[in-house]
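[1] here is a sequence together with a model predicted from it:
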Amino acid sequence: MRILHLHSSFAAGGKELRAARLMNVFGTGIAHTVVSGQRGVHGAKVALDPALTVDFPDDFPSLQGRPTPLRLLRIARAMKGFDLVLTYNWGAMDAVMAHRLLGRVLALPPLVHHEDGFNEDEAGGLKPSRNWFRRVALARAFALVVPSQRLEAIALRDWAQPRGRVRLIINGIRTQAYLSPPPTDAIAGLPKPAGAKWVGTLAGLRAVKNLPRLVRAFATLPPEWQLVILGEGPERGAIEQQARDCDVAGRVHLPGFVPDPSRAVGLFDLFALSSDSEQFPISVLEAMAAGLAVASPAVGDVAAMVAGENRRFITPAGDDAALGRALAELAGDQGLRARVGEANRALAQAQYDEKAMIRSYAATYGAAMGQAHFP
């Protein structure tokens, strides 16, 4: 079986690591071809099982550019020979359009599209032209998979997708992997000293994550607190500059990407998110499974994800002062953090283990290919 994955980017972010996890679970009987809309960006490759057969071609037609007929034809032809095409986010939507226009003529394999959220160009609101493009392009997709109730509503309303095409599959993680505290030296180059207090986050260093906002909110905490941002990306310089501007550069650490969050998140004493746009962030699930309290703007489904005890620390989107107050209250009360964290852990184990997610993806992909059992 051959599966083609067309990603807006294969950087080490939430959707990419979820895709890698599914590839690992589905096993060695499938050959995968992974294309990144950002040429050469394959950071999530480190999460793949080395035993898998995975190709990263450098000659696949570009997923970026104007959707001219000739370019769409080239993309469509490149889909031939696979059993299933999986596309991800707006950056792969031209491929979805190519499949829509030429799928029958070229007898292309079935296509399942995944939408996980928006970059900064749509974080403040959907673009009507993109809504229209999605409506047309998705008309021949077997399914549109979304991870959040908010995205499900957008798919049904703004993208005018029929109910039968839209599949809400909630993100899940291996919750048991987060039960044991990691060793203090689990983060390369940043051992945690005894007695240290860490606010932590997991995020690609991209503008939509608004990590300078987190630095500003953190800067109000007492000097014994440190901020640890795990991830990599183009906004590193802006984050470091904000730390200097807030006079906390010595307390803000960016050790880079960690391939296995279960070996790092448990070192945090408190988890924080600062994004302008999210849907159902896997990083919040990881924090919950590790027994952490979460401070975050009310973006996407975050307020509905966390335990009831945590909800008052989910602050109005865009309110930097409120996020700072939530962080300060949690940082100042160890007992409160422990109670909220344990409630989050219990909820994660009960509702967000990966088994249900894997079954739903397997059923969707199998149905697209007309298979009763997948893989």
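    The structure has been received and is ready for your questions.
[2] show me where the stretch 1-150 of the chain has strands.
    Secondary structure of the stretch 1-150 of the chain (DSSP state E, counting those that start in this stretch): strands at 2-7, 31-36, 53-55, 84-88, 111-114, 143-146.
[3] how near is the closest residue to F26 other than its chain neighbours to R339?
    Among residues not flanking F26 along the chain, P375 sits closest, at 4.5 Å (CB to CB, 6 or more residues apart in numbering). In this view, the C-beta of every residue, glycine as well, is placed from N, C-alpha and C. As for P375, its distance to R339 is 42 Å (criterion: CB to CB, to the nearest Å).
[4] what's the answer for V215, then?
    Using CB to CB, V215 is found at 27 Å from R339.
[5] and what of K192?
    Going from K192 to R339 by CB to CB gives 23 Å.
[6] for those two, indicate the residue with more neighbours.
    Neighbour count, other CB atoms under 10 Å: between K192 and R339, K192 has more, with 20 against 15.
[7] residue contacts, the closest residue to the more buried one other than its chain neighbours?
    Excluding its sequence neighbours, the residue lying closest to K192 (CB to CB, 6+ apart) is T184, at 4.5 Å. By CB atoms under 8 Å, 6 or more residues apart in numbering, the contact set of T184 is 191-194, 267.
[8] could you check the pLDDT of T184?
    pLDDT, T184: 95.
[9] can you pull the phi/psi pair for it?
    In terms of degrees, to the nearest 10, the main-chain angles of T184 are phi -60, psi -20.
[10] look up how far L144 lies from it.
    43 Å.
[11] any residues touching stretch 232-246, and which ones?
    11-12, 43, 204-207, 209, 211-212, 215-216, 219, 229, 249, 251-252, 254, 256-257.
[12] filter these down to the buried ones, PyMOL style.
    If you want just the buried ones from those in PyMOL, going by 16 or more other CB atoms under 10 Å, the selection is:
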select buried, resi 11+12+43+204+205+206+207+209+211+212+215+216+219+229+251+252+254+256+257
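[13] for this protein, what spans make up the helices?
    Assigned by DSSP state H, the chain shows helices spanning 14-26, 69-78, 93-106, 120-123, 128-137, 149-157, 211-218, 236-245, 282-289, 302-305, 320-331, 334-351, 354-368.
[14] lowest-confidence stretch among the ones you listed?
    Minimum mean pLDDT among these: helix 120-123, a mean of 76.
[15] for that helix, buried residues please.
    Quick answer for helix 120-123 (16+ other CB under 10 Å): A123.
[16] starting at the chain centroid, how far to it?
    15 Å (CA atoms, centre = their mean, to the nearest Å).
[17] what's the answer for stretch 89-102, then?
    21 Å.
[18] ditto for stretch 353-370
    On the basis of CA atoms, centre = their mean, stretch 353-370 sits 18 Å off its chain's mean C-alpha point.
[19] show me the contact partners of that stretch.
    Residues outside stretch 353-370 that contact it (CB under 8 Å, 6+ apart) are 21-22, 25-26, 83-84, 86, 109-112, 142-143, 145, 167, 169-176, 372-375.
[20] weed out the non-buried ones from these.
    21-22, 26, 83-84, 86, 109-112, 142-143, 145, 167, 169-173, 175, 374.
[21] just the strands in the stretch 151-300 of the chain please.
    For the stretch 151-300 of the chain, the strands defined by DSSP E, counting those that start in this stretch cover 166-168, 197-202, 225-230, 252-256, 270-272, 294-297.
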